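Engineer: Need the 3D shape of this:
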Amino acid sequence: MRAVMLMFDSLNRQLLPPYGGTDVSAPNFARLAERAVTFDRFYAGSLPTMPARRELHTGRHHFLHRGWGPLEPFDDSMPALLDSAGIHTHLTSDQPHYWEDGGATYHTRYTTWEIHRGQEGDPWKGVVDSGVASMADPRAAQRRQDDVNRQYMATEADHAQTRTVDAGIHFLETNHDAGGWFLHIELFDPHEPFFSPDHYRKRYEQDDDGPRSDWPTYQKVVEDAAQVDHVRREYAALLSMCDHSLGRLLDVMDEHDMWADTMLVVNTDHGFSLGEHGWWAKTFQPHYQELVHLPMFLWDPRTGRRGERCDVLAQTIDIAPTLLGFFGQQAPADMQGTDLAGAVGQGTPVRDGALFGMLGGHVNVTDGRHVYMRSSATEANGPIEEYTLMPTRMRSRFSVQDLRGWEPAEPFGFTKGVRTMRIAPSVRVVNSWRHGTMLFDVENDAAQERPVIDDDVELRLAQLLHRRMRESEAPASQYVRLGLPESGDLSAEHLLVRAHAERSAESAAPLPTLAELPVVDLLQTPLRRLLGDRRASSVIEKHLPELIETEPMELSPTASLLGLARGGSISAAQLVRVADDLAKVLRAP
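Structural biologist: You can find the predicted model right below:
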């Protein structure tokens, strides 16, 4: 028995031919759909990148207890369990987060592993004159380092994606006659920056000599339609490169006639917003369908089904139990996922509701038709707590300030009797309250453009969410944050959609483009400086009094009105009103 998993990062379902996409050349995804079962209702769980990988290992949700971080000492790990059973597990990846503080315990769970450097500003090649070390802004330094790295990936053969797939193919060529192994090929692409060789870009009429715009920020869109289209074409070019890499894998499996006893999983962690709902990227906006309704393909020799669709509601947490089951291993009791053999073979239901979200953001649930996005009940969006024995974040350790206040927490069932550190993080990434609680009928409104206000449906979905939270052993703080009882039944008093509808609509409105806004220079001026002008301060106090009440030192030195709006802290309507009045007061003739 052998198994291969090809995992992409930020792969958008709606652009792939098996899901109706027509704008991207991806013939190998169509070829894959003929060889495998295509899932129509597959959802993410814990978000974003590393939380999704923790689910991949452990088969359970963690976003109610922890944000971005490594595997914990008490976590089950699917590849480690296979290794313990005598199955050789091998990882080849160019995912840079594996060798950072917040991801450093994942790749070492495999029997053997290899990494390929250079993606997304990975601190790989050292060029002192680049100025990376002297840049105060970490994001600017990362982009400059990425410029350095690209100089060492001048050809497709040198590209980190190609090197990763080369290594996977080498493993297959070396071991295709052997049994008892699991190969995990994990590609960082098509994650941003959308860096691909020019011959892929030419397919989409991108100008090789013009300026490249392949790294959108995690903000609301203010670019015009032509600029948005340019970025989407850069993504399409990289997706076509990913399709080529998929084709290389399929070719090797064909060449060595591996289909009879080799499972193939092709999946992703989440999607990427390319202007949908007025947003770029992920994280700061609600988790709309383009981010969480995922492509998933499974060839399972146990069932022999191929070229078919599966409409069973499944999630990332099901992948670990499926791989364990394929190798004849029992999934640990702490895994919430289910082996998908029954879903693929007989259409056996897996669950009636899929839970998904991110620490501090909305807690969401879908029954396959409706999506319920539960925000915090109050603007404080708290309390938020993290439970960990591994206090690191993406690229850093927990701050001394955070660690000074930690308290021992009683064990959860999944911590196997181990007490963890309960920590209230001093920095919060998102605030779900700004967007409000929302309900959508995605069966009739797949783009989620028409929120639903229906008390009966909301109550049913809220009860489903409540049940899923209990099954995940959500801490008491999450129920407080969401305005839900920790136990007992829900009733009309716990509903929020109707009460939040006006705020949700205002928050969801896209921003004007820069060309449509007056006094853009003032909107981009650091707020600390702008508030020093009495006339500007009076305008801001009129429309955004909370900014006047904020201590100046609490504002980032670079924070601006436009930046706050792009991050979702100021609505489009508020920004326009402030901009119009600033123009009248400061730019009137």
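Engineer: domains of the protein?
Structural biologist: The chain resolves into domains spanning 2-118+155-342, 124-152, 357-500, 514-586 when parsed by automatic domain parsing.
Engineer: out of the ones you listed, deepest packed?
Structural biologist: Comparing the domains of the chain on average neighbours per residue, with mean count of other Cβ atoms under 10 Å, the densest one is domain 2-118+155-342 at a mean of 20. Quick note: C-beta positions are derived from backbone N, CA and C, even for glycine.
Engineer: Pull up the distance across that one, start to finish.
Structural biologist: From the first residue to the last, domain 2-118+155-342 extends over 19 Å; the measure is Cα to Cα, to the nearest Å.
Engineer: before we move on, the earlier item: any idea which of the domains of the chain gets closest to R351?
Structural biologist: Set against R351 and scored by Cβ to Cβ, the domains of the chain come closest in domain 2-118+155-342, at 5.7 Å.
Engineer: Please save the CA atoms from stretch 9-17 in PDB.
Structural biologist: Backbone C-alpha positions of stretch 9-17 (Å, rounded to 0.1, in the frame of the first residue of the first chain) are rendered in PDB as follows:
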ATOM      1  CA  ASP A   9      -1.500  26.500  -0.700                       C
ATOM      2  CA  SER A  10      -4.200  29.100  -1.500                       C
ATOM      3  CA  LEU A  11      -5.800  27.100  -4.300                       C
ATOM      4  CA  ASN A  12      -9.000  28.700  -5.500                       C
ATOM      5  CA  ARG A  13     -11.800  26.100  -6.200                       C
ATOM      6  CA  GLN A  14     -13.900  28.300  -8.500                       C
ATOM      7  CA  LEU A  15     -11.000  28.700 -11.000                       C
ATOM      8  CA  LEU A  16     -10.500  25.000 -11.600                       C
ATOM      9  CA  PRO A  17     -12.100  23.300 -14.700                       C
END
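Engineer: could the domains of the chain go into TSV alongside distance to V350?
Structural biologist: As requested, the domains of the chain are arranged in TSV below (distance: least, Cβ to Cβ, whole Å):
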stretch	distance to V350
domain 2-118+155-342	5
domain 124-152	39
domain 357-500	11
domain 514-586	33
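Engineer: Can you tell me how far L64 is from G357?
Structural biologist: Taking Cβ to Cβ, to the nearest Å as the measure, L64 falls 8 Å from G357.
Engineer: Mutual contacts of those two, please.
Structural biologist: Listed contacts common to L64 and G357 are V363; contacts here mean Cβ atoms under 8 Å, 6 or more residues apart in numbering.
Engineer: The domains of the chain: which one's closest to P349?
Structural biologist: Of all those, the one in closest proximity to P349, counting by Cβ to Cβ, is domain 2-118+155-342 (6.0 Å).
Engineer: So for that closest one, mean pLDDT?
Structural biologist: This predicted structure assigns domain 2-118+155-342 an average pLDDT of 97.
Engineer: so D334 makes contact with T58?
Structural biologist: Yes - the pair D334 / T58 is scored as a contact, 7.2 Å apart, by Cβ atoms under 8 Å.
Engineer: any residues in contact with both of these two?
Structural biologist: Listed contacts common to D334 and T58 are D76; contacts here mean Cβ under 8 Å, 6+ apart.
Engineer: which stretches of the stretch 301-450 of the chain form helices?
Structural biologist: Across the stretch 301-450 of the chain, reading from the start of the chain, the helices by DSSP state H, counting those that start in this stretch fall at 319-326, 341-346, 400-404.
Engineer: Identify all contacting residues around the second one.
Structural biologist: In other words, helix 341-346. Counting by Cβ under 8 Å, 6+ apart, helix 341-346 makes contact with 37, 298, 300, 302-303, 305, 310, 312, 314, 322, 325-326, 348-350, all of which sit outside it.
Engineer: now with 6 Å?
Structural biologist: Residues from elsewhere that reach helix 341-346, judged by Cβ atoms under 6 Å, 6 or more residues apart in numbering: 37, 300, 302-303, 305, 310, 312, 348, 350.
Engineer: which residue sits farthest out from the middle of this protein?
Structural biologist: Among the C-alpha atoms of the chain, the one most distant from their mean position (Cα atoms, centre = their mean) is that of P589, at 47.9 Å.
Engineer: Okay, it and V578: tell me how far apart.
Structural biologist: 20 Å.
Engineer: From L522, how far out is the residue farthest from the centre of the chain?
Structural biologist: As judged by Cβ to Cβ, P589 and L522 stand 16 Å apart.
Engineer: Then D166?
Structural biologist: With distances taken as Cβ to Cβ, D166 is found 51 Å from L522.
Engineer: likewise G568?
Structural biologist: Applying Cβ to Cβ, one obtains 20 Å for the distance of G568 from L522.
Engineer: sorry, back to before: what's near enough to touch the residue farthest from the centre of the chain?
Structural biologist: Going by Cβ under 6 Å, 6+ apart, P589 touches no other residue.
Engineer: Not counting residues beside it along the chain, what's closest to A424?
Structural biologist: Spatial nearest neighbour of A424, chain neighbours left out: E385 (5.7 Å); criterion: Cβ to Cβ, 6 or more residues apart in numbering.
Engineer: Was I right to think the one you found contacts S477?
Structural biologist: Yes - under the criterion of Cβ atoms under 6 Å, E385 lies in contact with S477, with a separation of 4.8 Å.
Engineer: Find the residues that touch each one of the two.
Structural biologist: Counting by Cβ under 6 Å, 6+ apart, E385 and S477 have no contacts in common.
Engineer: T92 belongs to a helix?
Structural biologist: No - the assignment for T92 is strand, going by DSSP: H, G, I helix; E, B strand; the rest coil, so no helix is present there.
Engineer: wouldn't it be in contact with E114 here?
Structural biologist: Yes - with contact defined as Cβ under 6 Å, T92 reaches E114; the gap is 5.1 Å.
Engineer: joint contacts of these two?
Structural biologist: Overlap between the contact sets of T92 and E114, as judged by Cβ under 6 Å, 6+ apart, is given by A167.
Engineer: which residues in the stretch 101-250 of the chain form helices?
Structural biologist: In order along the chain, the stretch 101-250 of the chain carries the following helices (DSSP H, counting those that start in this stretch): 138-151, 160-175, 198-202, 225-255.
Engineer: Would you reformat these as CSV and include distance to A572?
Structural biologist: Output for these, formatted as CSV (distance: least, Cβ to Cβ, whole Å):
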stretch, distance to A572
helix 138-151, 24
helix 160-175, 37
helix 198-202, 32
helix 225-255, 16
